[in-house]
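[1] The amino acid sequence is not available; the structure is as follows:
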Ligand SMILES: CC(C)(COP(=O)(O)OP(=O)(O)OC[C@H]1O[C@@H](n2cnc3c(N)ncnc32)[C@H](O)[C@@H]1OP(=O)(O)O)[C@@H](O)C(=O)NCCC(=O)NCCS
């Protein structure tokens, strides 16, 4: 018989498994609530595609606003989700769902010894409820189960909120740093002063 338990407690359940019938949608988020979780986190299902594209648009908008650069992500940013899904496979994408529907998503890019958490986004209306942390825990657990030595995340340097968030989730080690030369015309460079690393001044 199929096991219909929700993934509120992900510790003893195979990640990404499709374990529930469509009519149980509301039930599983209610179960998550009963278990004290802010959302139900489960593996990606084909019916999630539009919601995930919309979340990818949210993520792109966030970065466009951060960098005041409306061209980030191209003309159809939602399609980037399709590319990501093709690259990593549905078993490496997780969804956060409440009674209001899909409210967050995350993914894992598998590597030989180093996995990467990418993307992570929670709908603006549902932030600061612990859903981002819940999604992050699932990726950390999946990466450990794969036997990875490291899990990395590569937030944009200006994304101070994400840096603070990930630091709080245990990403406390600086790995490689990406340093840039910007060859664009001077009037298109909108970098901000004010960051220091190794006693050196950097723009972000
Ligand atoms: C980063 C993001 C995923 C966090 O999701 P979230 O569901 O709001 O995060 P949580 O509620 O789990 O927050 C966990 C902790 O992170 C910290 N945190 C999260 N958002 C914060 C904020 N806006 N300001 C300060 N601290 C914050 C807090 O310590 C918080 O715990 P607390 O609420 O008990 O104080 C979400 O803000 C988001 O989607 N941002 C836009 C996309 C993005 O930047 N993604 C990362 C790209 S690499």
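    Cool, the structure landed. Not measured: the values here are computed from a predicted model. Residues are numbered from 1 along each chain as shown.
[2] least trustworthy helix or strand in this protein by mean pLDDT?
    Using mean pLDDT, DSSP states H and E, helix 25-34 stands out as the lowest-scoring helix or strand of the chain, at a mean of 72.
[3] Could you pull out the buried residues of that one?
    Using 16 or more other Cβ atoms under 10 Å as the test for burial, helix 25-34 gives 28, 29, 31, 32, 33. Just so you know, the C-beta spots here come from the backbone N, C-alpha and C atoms, and that holds for glycine as well.
[4] With stretch 165-173 instead?
    Neighbour-count burial for stretch 165-173 [16+ other Cβ under 10 Å]: 165, 166, 169, 171.
[5] Out of these, flag the one nearest to the ligand.
    Distance to the ligand across these (Cβ to the nearest ligand atom) is lowest for residue 165, with 4.2 Å.
[6] Next, the residue nearest the centre of the chain: phi, psi?
    Closest residue to the average C-alpha location of the chain: residue 120 at 1.3 Å, with Cα atoms, centre = their mean. Dihedral angles of residue 120 (phi, psi; degrees, to the nearest 10) stand at phi -140, psi 120.
[7] Alongside the ligand, which residues does the protein contribute?
    59, 62, 120-122, 127-133, 155, 159, 161-162, 164-165, 168 (Cβ under 6 Å from any ligand atom).
[8] List of residues touching the top helix by length along the chain?
    Longest among the helix segments of the chain by residue count, using DSSP state H, is helix 49-67. For helix 49-67, contacts defined as Cβ atoms under 8 Å, 6 or more residues apart in numbering pick out 44, 69-73, 77-82, 84-85, 93, 95, 101-102, 104-105, 119, 121, 123-124, 156, 158-159, 190.
[9] If we go by neighbour counts, what in it is buried?
    Buried residues in helix 49-67, counted by 16+ other Cβ under 10 Å: 51-60, 62-63, 66-67.
[10] Let me see the mean pLDDT of stretch 175-192.
    Stretch 175-192 carries an average pLDDT of 94.
[11] what about that stretch, start to end distance?
    Distance across stretch 175-192, first residue to last, is 23 Å (Cα to Cα, to the nearest Å).
[12] List the contacts of it.
    Contact with stretch 175-192 is made by 67, 68, 69, 150, 152, 154, 157, 158, 197, 202, 203, 204, as judged by Cβ under 8 Å, 6+ apart.
[13] How about the contacts made by residue 151?
    Neighbouring residues of residue 151 by Cβ under 8 Å, 6+ apart: 114, 115, 116, 117, 139, 140, 143, 171.
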